[in-house]
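1. only geometry, no sequence info:
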């Protein structure tokens with residue numbers, strides 16, 4: 001048991017090796033979140049392209065994502081966070097909302113969370129990760 005205490009004490013002593021570890025490790029803490037966010041953005045962009053192709057062919061967006069495969073998209077990607085289906089719904093103005101549940105793993109109905117009440121900086125830790133059809 002005393003060896004464990006000695007090992008912990010030795011790891012707290014500043015050395016060249018743990019100096020670099022302390023510099024690099026904080027950045028790795030957000031690696032999974034940033035990777036998931038980036039993959040989700042790529043997946044949502046692929047689905048948005050397929051949705052636009054469907055709209056060009058049929059004059060409106062589909063009722064569900066299922067009709068996109070295989071003609072407009074080889075396979076519908078899953079929600080990177082929970083492994084379920086991506087969330088999609090048409091809106092009353094003929095557009096749509098496409099989203100993942102986001103890092104908080106809660107379906108917030110396609111609501112984006114912003115940092116510190118700002119309307120410019122998205123908070124990826126809260127709210128859904130949303131792809132909205134651009135406003136005209």
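-> Received it, and whenever you're ready, just let me know what you need. Source: prediction; values computed, not measured.
2. Quick check: next helix or strand after the strand or helix carrying residue 33?
-> Element membership for residue 33 (DSSP states H and E) is helix 31-58. Counting by DSSP H and E, the next helix or strand C-terminal to helix 31-58 is strand 87-90.
3. Packing partners of the helix holding residue 33?
-> Under the contact definition 3 or more CB pairs under 8 Å, 6 or more residues apart in numbering; DSSP states H and E, helix 31-58 sits against strand 96-100, strand 122-127, strand 129-132. C-beta coordinates here come from the backbone N, C-alpha and C atoms, glycine included.
4. how does it look with 6 Å?
-> strand 96-100, strand 129-132 (3 or more CB pairs under 6 Å, 6 or more residues apart in numbering; DSSP states H and E).
5. Just after the first one, pick out the following helix or strand.
-> Going back to what we said before, that points to strand 96-100. Sequence order places strand 112-114 as the next helix or strand after strand 96-100, per DSSP H and E.
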